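Novice: Starting from these lines, generate the structure:
(2 chains)
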Amino acid sequence: GENVEQHPSTLSVQEGDSAVIKCTYSDSASNYFPWYKQELGKGPQLIIDIRSNVGEKKDQRIAVTLNKTAKHFSLHITETQPEDSAVYFCAASTANTGNQFYFGTGTSLTVIP
Amino acid sequence: NAGVMQNPRHLVRRRGQEARLRCSPMKGHSHVYWYRQLPEEGLKFMVYLQKENIIDESGMPKERFSAEFPKEGPSILRIQQVVRGDSAAYFCASSPYPGYYNEQFFGPGTRLTVL
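Specialist: Numbering: from 1, shown residues only, chains lettered A, B, ... in the order given. The predicted structure is shown next:
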């Protein structure tokens, strides 16, 4: 089955700096890659997603890039703010695996004011 | 439009007891997924259900765990004879379409503690 690895596990940045989180996946058939933000005590919330037919997607301060050849995708957050502090999870899915998402182990992001 | 609802939010059980976790999907969503999150880990898929049908239970332990999504009412994840290793956060997600290519909307989770 699919194996998603995520790095780093923890990340601290100064407010205003950029943050980058990287994920790799193993199943070349994976074609949907969502990113979720989880705040303490809450469920994951989708912040951005990308499908395999595009290489990059941007939404205000958040962007995601996908390299299908290398089987990796990254989350970029620019001009970070304290409210960006949370745990971020990448995920991958494919129709071959019957609708389930495979999640990375998470990155705990701390934005220092 | 209310989001995905889960209850209870916190559940404490002693070893050997039963745990019942409930999930009400978003209005109009007929696809429900259950995930388990162990401390310091990512979410692991357990089961995917549509109304009255289990579509994929490949991630669910064969013993003690069961799930249902009846025609009326919430989806239920049932854990019989709980053990300490069952302590985790259990999240339910729903989607209006099969989820592999579409967003899954997550509930706030039920945090199960087994004493």
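Novice: going forward, measure contacts between C-alpha atoms and count neighbours the same way
Specialist: Noted.
Novice: residue ranges with poor pLDDT in chain A?
Specialist: Low-confidence segments of chain A (pLDDT under 70): A:95-98.
Novice: Contact partners for residue 110?
Specialist: Went with chain A since none was named. A:T110 makes contacts with A:T10, A:L11, A:S12, A:V13, A:P82, A:D84, A:S85, A:A86, as judged by CA atoms under 8 Å, 6 or more residues apart in numbering or on different chains.
Novice: sorry, should have said chain B
Specialist: Contacts of B:T110 by CA under 8 Å, 6+ apart are B:Q6, B:N7, B:P8, B:R9, B:H10, B:L11, B:L21, B:A89, B:Y90, B:F91.
Novice: coming back round to it: which pair of the contacts of A:T110 spans the longest distance?
Specialist: Maximum pairwise distance in these, criterion CA to CA, is 15.3 Å, between A:T10 and A:P82.
Novice: which of the contacts of B:T110 tops the neighbour count?
Specialist: Counting by other CA atoms under 10 Å in any protein chain shown, B:F91 has the largest number of neighbours within the contacts of B:T110, with 28 neighbours.
Novice: Could you list every helix and strand in contact with whichever strand or helix holds it?
Specialist: Assessed by DSSP states H and E, B:F91 sits inside strand B:88-95. Judged by 3 or more CA pairs under 8 Å, 6 or more residues apart in numbering or on different chains; DSSP states H and E, the packing partners of strand B:88-95 are strand B:31-37, strand B:105-106, strand B:110-114.
Novice: of those, which approaches A:S26 most closely?
Specialist: Evaluated over these, closeness to A:S26 peaks at strand B:31-37, with 20.7 Å, by CA to CA.
Novice: Quick one: residues in contact with the next helix or strand after that closest one.
Specialist: Downstream of strand B:31-37, the first helix or strand assigned by DSSP H and E is strand B:43-50. With contact meaning CA under 8 Å, 6+ apart, strand B:43-50 is reached by A:99-105, B:30-37, B:54-60, B:67-69.
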